[in-house]
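# sequence first, then the predicted structure:
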Amino acid sequence: MSGRTGSPAGAQEMSVGTAFAGMRRVVEVMFKAACPDCRAGFELTPGALRLAIGASSRTTFYSFTCPACGSAVRKPAGERIVELLTGGGVRTLRVHSTL
């Protein structure tokens, strides 16, 4: 046995990106939400949500349209919510101050 470490003889080096290329999520991410107007509770796909990240907590929020009543809903998003939504594939808009 040699003191060499690394890949077994004949194995090719491969990047992580190459190894996972073409893989898809097996289970689609769903987010639980509720409408403050009609009080309906439901699950939304990442495509049904939008995340806006601003310079402050007042300008960082997520939004969606209630599937039950059609209301436009906007809720504040703290650090944990931002992390969960971005990790789950929700489209993000970064809002920059013009002042």
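Received, thanks.

# what lies in contact with the top helix by length along the chain?
For the chain, the longest helix by residue count, based on DSSP state H, is helix 79-87. For helix 79-87, the surrounding residues in contact (CB atoms under 8 Å, 6 or more residues apart in numbering) are Phe31, Pro46, Leu49, Leu51, Ile53, Thr60, Tyr62, Ala77, Thr92. Placement of C-beta: from N, CA and C, glycine included.

# quick one: buried residues of it?
For helix 79-87, the neighbour count (16 or more other CB atoms under 10 Å) marks Ile81, Val82, Leu85 as buried.

# my read: Gly78 touches Ser57, true?
Yes - if you go by CB atoms under 8 Å, Gly78 and Ser57 touch, sitting 6.9 Å apart.

# after the helix or strand bottoming out on mean pLDDT in the chain, next one along is what?
Lowest on mean pLDDT, DSSP states H and E among the helices and strands of the chain sits helix 16-20, with a mean of 71. Downstream of helix 16-20, the next assigned helix or strand under DSSP states H and E is strand 31-34.

# using PDB, write out the CA atom coordinates for that following strand.
C-alpha atoms of strand 31-34 as PDB (Å, rounded to 0.1, in the frame of the first residue of the first chain):
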ATOM      1  CA  PHE A  31     -44.400  28.000   1.600                       C
ATOM      2  CA  LYS A  32     -47.300  28.300   4.000                       C
ATOM      3  CA  ALA A  33     -49.000  31.600   4.100                       C
ATOM      4  CA  ALA A  34     -52.200  33.300   5.200                       C
END
